[in-house]
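J.: Quick one: sequence plus predicted model below, questions after.
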Amino acid sequence: MTAAPAPAPLTYDQTGVNYEQIDPLKVAAQRAAAQTGAHMASHGFREVAASRGESAYVVDVGPMYLASIVECLGTKALLADDMAKLLGRSFYDGIAQDTIAMAVNDLITVGATPLVVQAYWAAGGSDWFGDAQRSEALVAGWKRACDTCKVAWGGGETPALAGVVADGRVDLAASCTGIISPKARLSVGDQLGAGDAIVLLASSGIHANGVSLARKLAERLPQGYLTDIGNGQTFGEALLAPTVLYSPVMEALAADGIYPHYCANITGHGWRKLLRHPKPLTYRIQQVPPVSPVLAFMQKECQLDDHEAYGTLNMGAGFALFVAAKDAPRVVEVAQGLGVPALVAGYVEEGPKQVVIEPIKVVYGADELQLR
């Protein structure tokens, strides 16, 4: 008998998510938005122009800076819904943390202390909110994440959007506002330069990016989400590990007098996010963190080479800090003291704009991340 052919590699663009199509719109929107910044002057304030294209927008309000961001969860709620049907319990406590993390982890990249979170929970119909187990888990998880970040939950919006959101589904998003005080905490890359150390903070798994790829993979696994990934966990349960909230680390560093020169939340685009700042610098990675079992499983089952895997998924690193080399050991110590594994992964060098990941022989050039 002839052996069945091996399944073809499964890449992110096959899921319907293609950044080459999405990013031009983002760039066009950013350019149009930049033309509105002058309106600040009529209110007696000014924008921090360098924050345009960064993960959060910053306004100078005099004695401090004000930062803001809005982010959506994406498709991870679909995964939680599918697992609830399989196991009969809600995963929305973790989904709530994922949603807040998407906003808070972006806000802190500019050095901001999160102050207020607003919720946006849009369902496909009023009956979505009638599931008491799910609703209670969402509220409890949302509050717990706010408590972890010491941020106030100001309010939110809960529309029922039949015909816009699919029946039985929910679209979750959060906005977050924070302050940068003292102003020296501002981190938009003006001090980023050769000699800086690159410290990577560990992820807890897939976080909330690459989920479309994971869902596509589950469709072709014989046991779907209930497939054992090799460590006693099912694929679905491992995927639903909540995203790490990194704001406690950033606040502890600030209290210690350490202000990063730049930060990157490693979400969509994976390790290509290290290229986010426009400066022509080389980011040389000499040590990579352990890859979480669920991401190693995905790379193997999707047949992703390292270039594709590290350019799509976080592969064990959820947040990057670029700090003065003398501060790097202390950054690792502070993070690990808060239960977040960290390592000094490499250094910034003069040279062409690229990421060089030496242990796996992968290079990303400037043309692989166009966000401005």
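T.: Perfect, I can see it now. A quick note: this is a predicted structure, and the numbers were derived from the prediction, not measured.

J.: quick one: the strands in the stretch 1-150 of the chain?
T.: 46-47, 57-60, 65-72, 113-123 (DSSP state E, counting those that start in this stretch).

J.: Kindly reformat those as TSV containing distance to Ala208 and mean neighbour count.
T.: C-beta: built from backbone N, CA, C; applies to glycine. Below are the strands of the stretch 1-150 of the chain laid out as TSV (distance: least, C-beta to C-beta, whole Å; neighbours: other C-beta atoms under 10 Å):
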stretch	distance to Ala208	mean neighbour count
strand 46-47	28	16
strand 57-60	21	19
strand 65-72	9	21
strand 113-123	15	20
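
J.: low-confidence ranges in the chain?
T.: Counting by pLDDT under 70, the chain shows low-confidence ranges at 1-6, 12-19, 370-372.

J.: Dead centre of it: give me the residue that sits there.
T.: By C-alpha atoms, centre = their mean, the chain has its centre lying nearest to Thr267, at 3.6 Å.

J.: so what's that residue up against?
T.: Thr267 sits next to Met102, Asn105, Asp106, His207, Ala208, Asn209, Lys273, Asn314 when contact means C-beta atoms under 8 Å, 6 or more residues apart in numbering.

J.: Setting the sequence-adjacent residues aside, check what's closest to Ala252.
T.: Using C-beta to C-beta, 6 or more residues apart in numbering and skipping the chain neighbours, the partner closest in space to Ala252 is Val334 (5.1 Å).

J.: Could you pick out which of the contacts of Thr267 are located in helices?
T.: Taking DSSP state H, the ones among these that sit in helices are Met102, Asn105, Asp106.

J.: count of neighbours near the second one?
T.: So that's Asn105. Applying other C-beta atoms under 10 Å, we find 30 other residues in the vicinity of Asn105.

J.: pull the CA atoms of stretch 296-312 into PDB?
T.: The C-alpha coordinates for stretch 296-312 follow below in PDB (Å, rounded to 0.1, in the frame of the first residue of the first chain):
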ATOM      1  CA  ALA A 296       6.600  23.900  19.600                       C
ATOM      2  CA  PHE A 297       3.600  21.600  18.800                       C
ATOM      3  CA  MET A 298       2.200  24.100  16.400                       C
ATOM      4  CA  GLN A 299       5.500  24.600  14.600                       C
ATOM      5  CA  LYS A 300       5.900  20.900  14.200                       C
ATOM      6  CA  GLU A 301       2.300  20.200  13.100                       C
ATOM      7  CA  CYS A 302       2.000  23.200  10.800                       C
ATOM      8  CA  GLN A 303       5.500  22.400   9.400                       C
ATOM      9  CA  LEU A 304       6.700  25.900   9.900                       C
ATOM     10  CA  ASP A 305      10.400  26.700   9.400                       C
ATOM     11  CA  ASP A 306      12.000  28.900  12.000                       C
ATOM     12  CA  HIS A 307      11.700  32.000   9.800                       C
ATOM     13  CA  GLU A 308       7.900  31.600   9.500                       C
ATOM     14  CA  ALA A 309       7.400  30.500  13.100                       C
ATOM     15  CA  TYR A 310       9.400  33.300  14.700                       C
ATOM     16  CA  GLY A 311       7.900  35.800  12.300                       C
ATOM     17  CA  THR A 312       4.400  34.900  13.200                       C
END
